[in-house]
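Need coordinates for the following:
(one chain, ligands or ions: 2)
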Amino acid sequence: MAGNAERVKLKIDGVKKIYNGRTGKVIALNGVNLDIHENEFVCVVGPSGCGKSTLLNIIAGLDTPTEGAAYIDGKRITTTGVERGVVFQQYALFPWMTVLKNVMFGPRLQGKSPEEAKEIAMKYIKVVQLEEFVNHYPKELSGGMKQRVAIARAYAVNPEVLLMDEPFGALDAQTRTQLQQELLNTWEKERKTCFFITHDVDEAIILAQRVVIMSARPGRVKDIVEIDIPYPRTQETKMSERFIELKNKIWSEVYQEYLEVRK
Ligand SMILES: Nc1ncnc2c1ncn2[C@@H]1O[C@H](COP(=O)(O)OP(=O)(O)OP(=O)(O)O)[C@@H](O)[C@H]1O
Ligand SMILES: [Mg+2]
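Ligands and ions are numbered 1, 2, ... in the order given. Okay, here's the model as predicted:
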């Protein structure tokens with residue numbers, strides 16, 4: 001585990017969320033408790049509709065819990081903040097801005113000069129291998145490329161925490177694998193606290209130090225599985241005996257929850 005393993009960066013304390021939808025009340029989350037440590041990579045898996053995005057939005061400060069609270073460095077989260085970078089389930093890029101301008105946007109907001117912002121943007125555009133496309137607009141990019149821009153944009157504000165909501169969900173297997181590896185390499189270097197939602201158990205295991213399994217709605221933490229596979233990890237890691245053991249364990253727990261949803 002990372003150096004500051006014991007320092008709690010994000011705390012989710014008794015979070016309950018009820019939505020008053022058009023067709024009545026929906027209990028999205030019901031008593032979620034979770035501590036995420038500084039420098040830790042945590043993945044969250046669970047069936048569709050169990051409240052994963054709701055939880056991420058609460059941590060991002062985009063939504064408020066009905067009961068309980070989320071904390072960053074011991075401070076109650078009530079609004080968004082530059083120390084939390086978000087990559088959404090659907091790429092949220094500014095369509096009227098080029099790749100470069102999209103990635104420069106955050107640093108500019110933070111008061112960086114155009115030259116400095118450009119330098120930072122170019123650094124992360126290189127990380128996601130889009131140097132050739134800096135002057136393209138989002139509509140001229142493939143899904144995988146757009147998601148790369150979204151990741152570069154999140155990195156460019158140098159957040160302390162990355163919140164990622166199924167960032168690779170819409171991509172083909174090959175692009176997905178490639179972006180997983182890029183993310184792994186970057187995390188191994190920078191060790192930013194990462195809260196990453198996915199419905200792909202393989203993806204969760206290859207990336208995370210701990211995998212949080214959520215129950216069917218109303219979402220709660222059903223189990224937390226420590227991924228005791230050392231880094232650096234590569235795609236070959238997916239073939240190791242330990243990986244397959246963990247995959248079977250997590251998958252069977254998640255599958256029980258899928259069955260709950262179908263009832
Ligand atoms: N703004 C809203 N108003 C009413 N209900 C909502 C709202 N947002 C989410 N919900 C409901 O809350 C529940 C949890 O939704 P959420 O998007 O958090 O699930 P999820 O686990 O992210 O699902 P998926 O895996 O499909 O992305 C769902 O039943 C959803 O319909
Ligand atoms: Mg979601």
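
If you count neighbours, what's buried in stretch 181-199?
Across stretch 181-199, burial judged by 16 or more other Cβ atoms under 10 Å covers 183-184, 186-187, 191-199. Heads up, the C-betas are built off the backbone N, CA and C, glycines and all.

would a markdown table of those residues with pLDDT be doable?
Shown next, in a markdown table, are these (pLDDT from 0 to 100):
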| residue | pLDDT |
| --- | --- |
| Leu183 | 90 |
| Leu184 | 93 |
| Thr186 | 88 |
| Trp187 | 92 |
| Arg191 | 93 |
| Lys192 | 93 |
| Thr193 | 97 |
| Cys194 | 97 |
| Phe195 | 98 |
| Phe196 | 98 |
| Ile197 | 97 |
| Thr198 | 95 |
| His199 | 90 |
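
Would you map the strands across the chain?
Taking DSSP state E to define them, one finds strands in the chain at 8-21, 24-37, 41-45, 67-72, 75-76, 84-87, 161-165, 193-197, 210-214, 221-226.

Farthest-apart pair in the buried residues of stretch 181-199, please.
Arg191 and His199 (25.1 Å; Cβ to Cβ).

Now do stretch 93-106: everything it contacts.
For stretch 93-106, the surrounding residues in contact (Cβ atoms under 8 Å, 6 or more residues apart in numbering) are 82, 85, 114, 117-118, 120-122, 124-125, 130, 133-139, 141, 146, 149-150, 152-153, 156-157.

so how far is that stretch off the chain centroid?
Centroid separation between stretch 93-106 and its chain, computed with Cα atoms, centre = their mean, to the nearest Å, is 20 Å.

on that earlier part again, ligand 2: which of the buried residues of stretch 181-199 is nearest?
Distance to ligand 2, by Cβ to the ion, is smallest for Ile197 among those, at 6.5 Å.

For ligand 1, see how far away that closest one is.
The span separating Ile197 from ligand 1 equals 7 Å under the rule Cβ to the nearest ligand atom, to the nearest Å.

what is that residue paired to in the beta sheet?
Beta-bridge pairing of Ile197 under DSSP bridges involves Val44, Asp165.

Same question for Val86.
With DSSP bridges as the rule, Val86 is bridged to Leu163.

isn't it right up against Ala60?
Yes - counting by Cβ atoms under 8 Å, Val86 does reach Ala60; the two are 5.0 Å apart.

residues near the residue of the stretch 1-150 of the chain found nearest ligand 2, how many?
Across the stretch 1-150 of the chain, no residue is closer to ligand 2 than Ser53, which sits at 3.1 Å (Cβ to the ion). By the criterion of other Cβ atoms under 10 Å, Ser53 has 20 neighbours.

Can you name the residues that contact it?
By Cβ under 8 Å, 6+ apart, the residues touching Ser53 are Gln89, Asp165, Ile197.

Thank you kindly, that will do.
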